[in-house]
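A.B. asks: build me a model:
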Amino acid sequence: MPIPFNELRSGYLAQQPEIDDAVRRVLESGWYILGREVAAFEEEFAAWCGAAGCVGVNSGTDALYLALRACGIGPGDEVITVAHTAVATVAAIRMTGATPVLVDIDPARYTMAPAALAAAITPATRAVIPVHLYGHPADMDAILEIAREQFVIEDCAQAHGARYNGRPVGSFGDLACYSFYPTKNLGALGDGGAVTGNNPALLDRVRLLREYGWTPQERYISQVEGVNSRLDEMQAAILRVRLRALEAGNDARRKLAAIYADMLPAEVQKPVEAPGCRHVYHLYVIQTARRDHLRARLAEQGIGSGIHYPVPVHLQPAYADGSLRKHDLRVTEQAAREVLSLPMYPALSEEQIDAVAAAVNAALA
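C.D. replies: Numbering: from 1, shown residues only. Take a look at the predicted model:
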């Protein structure tokens, strides 16, 4: 039987009665935007993340954009992040009018290399966005030590439940941003995102910006120039249900990852779990110089795979106009040529993982 790269229907079926009840509850309530479900999810997700507060928004991209805006980032400012990330990280910076500055990654973690960050800071640097990529935490102690005078906004879009030195990612920076795109470890059945943090003033600013700059006391009066980025009641209700299964889903991913690690050949670079880190394997990413050959052989056997990410942001046509700055990105560019994401989701069976690993071994023999 074919083994898809990802399969979302199983996640719904595993919680179908509870999700259906949540949807029905919203439909019958007659309130569909920024109501009780959003407020309840914000409270529950903040508690789960170990954060003081949470603001639900329309997407992970909007979460990053609004977090930057809340920190006062705009034209003339520089924001340092990585080129090996979903383009949303850089797009959000550009949405503010600030200049993205791209630095290289650690070759094992695939997250921001602290030495590269240190070399890129200038007097114009106002913020740093470390990306907890693939489910593995960035080196937050080193990053925070370097970025003492900048805002640190964590991109946690792929790391719901990951931990660094015993603490959840997202609890280190000034603000943290999450995506609830359906493929995420905590996925909605549509778009959604959130900003979490421990600074009430910054969270209040995000909340003000997400709905045109309106306050509860003076609705329809814009105190600042905001946007429309609201998490809807339906997705919030679904996320409340799915949040209850997140830890079990992460445990399942970790168990499957351990089987991969035991069975895959030494020729491929396997994911690491750095000391003090808890990887939640949003993606199971290997690296090999024979990536394209391997992917073709897997496809012949009906095994899905993905490439995250095939073209680094600085090499994409949209950013060829000089709107960003880059430093030495040799590790990033090599990763783009060689990384391959294997099937990874909680509904995968051990037998399917065995079959994928066997196919990898055969293709590279």
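A.B. asks: quick check: buried residues in stretch 2-21?
C.D. replies: 3, 5-6, 11, 15, 18-19 (16 or more other C-beta atoms under 10 Å). Just so you know, the C-beta spots here come from the backbone N, C-alpha and C atoms, and that holds for glycine as well.
A.B. asks: cool, stretch 62-75 as well?
C.D. replies: Buried-residue list, stretch 62-75, by 16+ other C-beta under 10 Å: 62-71, 73.
A.B. asks: grab the nearest non-local neighbour of the residue most central in space within the chain.
C.D. replies: By C-alpha atoms, centre = their mean, the chain has its centre lying nearest to Ala157, at 1.6 Å. Nearest-residue entry for Ala157: Ser179, 3.8 Å, with adjacent residues in sequence omitted and distances by C-beta to C-beta, 6 or more residues apart in numbering.
A.B. asks: how close does the one you found sit to Glu300?
C.D. replies: According to C-beta to C-beta, to the nearest Å, Ser179 stands 33 Å off from Glu300.
A.B. asks: compare these two (neighbour count), which wins?
C.D. replies: Taking other C-beta atoms under 10 Å, Ser179 and Glu300 do not tie; Ser179 has more neighbours (28 against 10).
A.B. asks: among the buried residues of stretch 2-21, which two are most distant?
C.D. replies: In terms of C-beta to C-beta, the buried residues of stretch 2-21 reach their longest pairwise distance at Ile3 and Glu18, which sit 27.5 Å apart.
A.B. asks: give me every residue that touches the nearest residue to Asp106 once chain neighbours are set aside.
C.D. replies: Closest residue to Asp106 apart from its sequence neighbours, by C-beta to C-beta, 6+ apart: Ala113 at 4.8 Å. Contact analysis of Ala113 by C-beta atoms under 8 Å, 6 or more residues apart in numbering lists 103-106, 331.
A.B. asks: so which of the residues you listed wins on neighbours?
C.D. replies: Those, ranked by neighbours (other C-beta under 10 Å): first place Val103, 26 neighbours.
A.B. asks: hey, what's that residue bridged with?
C.D. replies: Beta-bridge partners for Val103, by DSSP bridges, are Val82.
A.B. asks: so what are the domain limits for the chain?
C.D. replies: Structural domains of the chain, as assigned by automatic domain parsing, span the residue ranges 9-243, 246-364.
A.B. asks: where does pLDDT dip in the stretch 201-350 of the chain?
C.D. replies: The stretch 201-350 of the chain contains no residues with pLDDT under 70.
A.B. asks: quick one, strands of it?
C.D. replies: 277-278, 284-287, 325-326, 339-342 (DSSP state E, counting those that start in this stretch).
A.B. asks: helices of the stretch 101-250 of the chain, start to end?
C.D. replies: 114-120, 140-146, 200-209, 233-243, 246-263 (DSSP state H, counting those that start in this stretch).
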